[in-house]
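Trainee: coords please:
(one chain, ligands or ions: 1)
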Amino acid sequence: MVEDGNPEGSAAAGDCSRNRSFDSKHEDALKMRLPLQDKRVLVTAAGQGIGRASALAFAKAGASVVATDINAEALKSLDGETGIETRVLDVLKDDAVNAVIAATGPFDVLFNCAGFVHSGSVLDMADKDLDFAFDLNVRAMIRTIRAVLPSMLARGDGSIINMASVASSIKGVPNRCAYTVTKAAVIGLTKSVAADYVTQGIRCNAICPGTVESPSLQDRMKAQGNYDEARAAFIARQPMGRLGTPEEIADLAVYLAGATYTSGQAYAIDGGWGI
Ligand SMILES: NC(=O)c1ccc[n+]([C@@H]2O[C@H](COP(=O)([O-])OP(=O)(O)OC[C@H]3O[C@@H](n4cnc5c(N)ncnc54)[C@H](O)[C@@H]3O)[C@@H](O)[C@H]2O)c1
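Mentor: All right, here's what the predicted structure looks like:
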């Protein structure tokens, strides 16, 4: 049917609408390819380092991300990023965790990234440091898991990713007792959650990085006095001859956020340190 009395024009209009429909189908196809399209993701410790890189990578993969950190100033570096809203959150505080999750959830994915590295052997380790390491590296993860899990179970779907380390039950690392003990506990927590909920649509996996370039690693290297020497020593323990980047770890976090056939695993991503 000729609608505008101009067969050529109508042919052109036909082409145009064909193009429009091709374009929108193409756009839909592109959207469908985004692995985390329409997923809501909560990230802790997203102000810098691996947490920040992961928040950006989740958003790039199509997710709506709630990026949280105790440090409001650090979170500002995510202001204006598409797909990311930021919230100040201290994961050591029960009420704050519950309030933020109630206000921003439910979530399809939880990335528990907050953690702290203490130095020292079992003889050096102060009880207060061990307590703090358990509070931040382990109990805070239990707190966030308890807050997100009920809604994941109600929907029969959810992915929980816990940040462990290769310094854990995977590998003993000198001078890292509190850290290694607590990161091993993270792997235990991961396996426990995975085992309890594997038949109910919940996956829970741990990421175990080697040494990754991050602000706190920079601080640790500077604290050793001779920065260059400290950096060389950190690099020397990575068989691949370099430090990892936060973006490399973020890629694994994106994979695990969308992965549907793996649970209870501790994924080493460590430049060959664990070989
Ligand atoms: N960088 C590495 O070499 C490395 C290696 C293995 C594992 N990890 C783990 O990766 C995670 C991130 O480390 P990173 O080095 O990328 O980052 P980072 O240590 O540089 O930054 C940590 C972030 O955690 C935030 N934070 C601290 N206390 C918090 C609290 N109570 N509540 C909320 N946020 C808090 C800080 O403000 C900061 O933004 C940690 O769990 C760490 O143990 C790091």
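
Trainee: Whatever residue of the stretch 51-200 of the chain ends up closest to the ligand and M221, how far apart?
Mentor: With CB to the nearest ligand atom as the measure, G115 is the residue of the stretch 51-200 of the chain nearest to the ligand, at 2.2 Å. C-beta here means a position set from N, CA and C on the backbone, and glycine is covered the same way. Distance of G115 to M221, computed by CB to CB, to the nearest Å: 18 Å.

Trainee: okay, the two: which has more neighbours?
Mentor: Neighbour tally, G115 and M221, criterion other CB atoms under 10 Å: the higher count belongs to G115, 26 against 18.

Trainee: so that one makes contact with L136?
Mentor: Yes. Proximity of G115 to L136 meets the contact threshold set by CB atoms under 8 Å, at 6.4 Å.

Trainee: near the ligand, which residues of the stretch 151-275 of the chain show up?
Mentor: For the stretch 151-275 of the chain, the residues found near the ligand under the criterion CB under 6 Å from any ligand atom are M163, S165, P209, T211, V212, S214, P215, S216, L217, P246.

Trainee: Dig out what the third one forms beta bridges with.
Mentor: Put plainly, it is P209. The residues listed as beta-bridge partners of P209 by DSSP bridges are I269.

Trainee: follow-up on the earlier one: and the residues of the stretch 151-275 of the chain next to the ligand as JSON lines, adding neighbour count, secondary structure and pLDDT?
Mentor: JSON lines is the format used below for these (neighbours: other CB atoms under 10 Å; DSSP: H, G, I helix; E, B strand; the rest coil; pLDDT from 0 to 100):
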{"residue": "M163", "neighbour count": "24", "secondary structure": "strand", "pLDDT": "98"}
{"residue": "S165", "neighbour count": "29", "secondary structure": "coil", "pLDDT": "98"}
{"residue": "P209", "neighbour count": "24", "secondary structure": "strand", "pLDDT": "98"}
{"residue": "T211", "neighbour count": "22", "secondary structure": "coil", "pLDDT": "97"}
{"residue": "V212", "neighbour count": "23", "secondary structure": "strand", "pLDDT": "98"}
{"residue": "S214", "neighbour count": "21", "secondary structure": "coil", "pLDDT": "96"}
{"residue": "P215", "neighbour count": "13", "secondary structure": "helix", "pLDDT": "96"}
{"residue": "S216", "neighbour count": "15", "secondary structure": "helix", "pLDDT": "95"}
{"residue": "L217", "neighbour count": "18", "secondary structure": "helix", "pLDDT": "95"}
{"residue": "P246", "neighbour count": "22", "secondary structure": "helix", "pLDDT": "98"}
